[in-house]
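K.L.:
just a sequence and a predicted model for now, questions to come.
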Amino acid sequence: MKKYLMIMFTGVIMLLVTVNAMAQVDASQQNKLAERQVVKKGMIKVTILYPNGEGKKFDMDYYTRKHFPLLKSLFGDALRATAIDKGVAAGTPGAPIPFLAIGYLYFDSVEAFQAGMKINASKIRADIPNYTDIQPIIQISEVLL
């Protein structure tokens, strides 16, 4: 009986050590992602706005799970951070939301964004019909704060 309890105790300890190690790896990966997601003054923000409208379609699940990972893979390290907003309300109660979604891409410079687009624009545009029928509005801005 003591031998059985000792084996069981050892198994529990090994399981706890494994779970702890996995949690540390996950935390390490999260820290690396957080480091990469730093937005700083002077960076360039590419804002992609998807206006709301009668009968417009927008697949938020596809946009977040497929399109943005595609952008990250195509732009690589030049893409410093990303964010996505989902429209939930307008400024006036009861009014329709002005945008169904807004995507943000952060780069060190306009040139870094343009270099990636020069190579990947056709792949990016080819994916748009997979999640929306909306013609996006693009604005490039400099981050001030």
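P.N.:
Okay, I see it. Numbers count the residues shown, from 1 in each chain.

K.L.:
count of neighbours near residue 52?
P.N.:
15 (other CB atoms under 10 Å). Glycine gets a C-beta too; all of them are placed from N, C-alpha and C.

K.L.:
so how far is residue 95 from it?
P.N.:
According to CB to CB, to the nearest Å, residue 52 stands 10 Å off from residue 95.

K.L.:
helix/strand/coil for residue 89?
P.N.:
coil (DSSP: H, G, I helix; E, B strand; the rest coil).

K.L.:
tell me where the protein has helices.
P.N.:
For the chain, the helices defined by DSSP state H occupy 2-36, 60-62, 68-75, 110-127.

K.L.:
so where's the protein uncertain?
P.N.:
Within the chain, the segments meeting pLDDT under 70 span 1-36.

K.L.:
for residue 124, what are its contacts?
P.N.:
Neighbour list for residue 124: 70, 71, 74, 117 [criterion: CB atoms under 8 Å, 6 or more residues apart in numbering].

K.L.:
7 Å - rerun?
P.N.:
Taking CB atoms under 7 Å, 6 or more residues apart in numbering, we find residue 124 in contact with 71, 74.

K.L.:
ok, residue 37 next?
P.N.:
Residue 37 sits next to residue 81 when contact means CB under 7 Å, 6+ apart.

K.L.:
surely residue 101 meets residue 68?
P.N.:
No. Look at residue 101 against residue 68 with CB atoms under 7 Å: they stay out of range, at 10.8 Å.

K.L.:
give the residues shared as contacts by the two.
P.N.:
Jointly contacting residue 101 and residue 68 under the rule CB under 7 Å, 6+ apart are residue 84.

K.L.:
so between these two, which is more surrounded?
P.N.:
Each of residue 101 and residue 68 has its neighbours counted (other CB under 10 Å); residue 101 has more, 23 against 17.
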